[in-house]
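Enquirer: fold the stuff below for me.
(one chain, ligands or ions: 1)
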Amino acid sequence: MILEAKKISKSFKNGQKTLSVFKDISLNINSGDFITIMGPSGAGKSTLLNILGTLDTPDTGKLFINGKDTLSCSSAEISKVRNSQLGFVFQFHHLLPEFTAIENVLIPNQISGGSGKFDKGRDLLIYMGLENRFDHFPSQLSGGERLRVAVVRALMNDPKLIIADEPTGNLDKLNADKLIKLFKKINKDFNQAFIVTTHNPNVASMGKQKYNLDNNSLNLIDSI
Ligand code: ADP
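Expert: Down below sits the predicted model:
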């Protein structure tokens, strides 16, 4: 098992009021899973992914990643787990505008002390159909291409789980379908698990495990 969330709950305080976002959510993620989560805006999808990705903490519950109890780890240990086990793809790709596609892919690895892994970055960009875009800056890429560069960046450390928050939220239908097909291909070729939130029923239907997050709880709708 890659990730095990046990009865996690989260609320936010706004002045005097407490807003309960979700309660007692449990979820297991195994190698090769492709989980999609649908739910209305404000249902807590981003909050849930942030918690599963160790970027935020739940009020109660447990989160194990690769068997490690992340909520009792030091922040240095959590960073290590996050960097070695997880990859993130966001709707707003967060590419650095002053660096080219290949540099954006290589920089995070260099920062964490790696030697750059140029060959791997090159091969993954080619795998994503970006063989003619290595030296393009983000502003010279289409929205779909920028997202694909961000996916390559997320894959560089061979994470066991890719966490994607509304990755297709800014894309037209054609590019959204293309990105999800790429996710499915990566899932099949490398057995990497995915958890993807979406508003888009088309994207949700691509999941092997389809969930709905609404009214404080996460419900499995369909599983193949
Ligand atoms: P979704 O991703 O499904 O649109 P979010 O997880 O972004 O939903 O937000 C869930 C709810 O929690 C929303 O009502 C939002 O306003 C609230 N919320 C999210 N983050 C915070 C925060 N840092 N402080 C207070 N309220 C928050």
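Enquirer: what residues of the helix ranked longest in the chain count as buried?
Expert: Across the chain, the helix with the greatest residue count (assigned by DSSP state H) is helix 173-190. Judged by neighbour count (16 or more other Cβ atoms under 10 Å), helix 173-190 contains these buried residues: 175-180, 182-183, 186-187. Bear in mind the C-beta positions are built from the backbone N, C-alpha and C, glycine included.
Enquirer: then stretch 117-128?
Expert: For stretch 117-128, the neighbour count (16+ other Cβ under 10 Å) marks 117, 120-122, 124-125, 127-128 as buried.
Enquirer: wait, which of those is closest to P167?
Expert: M128 (13.4 Å; Cβ to Cβ).
Enquirer: isn't the closest one up against V151?
Expert: Yes. With contact defined as Cβ atoms under 8 Å, M128 counts as touching V151 (6.7 Å).
Enquirer: joint contacts of the two?
Expert: L182 (Cβ atoms under 8 Å, 6 or more residues apart in numbering).
Enquirer: for the residue most central in space within the chain, give the beta-bridge partners.
Expert: Centroid check for the chain by Cα atoms, centre = their mean gives I163 as the closest residue, at 1.6 Å. I163 has these beta-bridge partners by DSSP bridges: F88, I195.
Enquirer: what does the helix or strand of the chain with the lowest mean pLDDT contact?
Expert: Taking mean pLDDT, DSSP states H and E as the measure, the chain has helix 101-111 as its least confident helix or strand, at a mean of 85. Contact with helix 101-111 is made by 95-96, 99, 116-118, 121-122, 124-125, 130, 133-138, 141, 145, 149, 152-153, 156-157, as judged by Cβ under 8 Å, 6+ apart.
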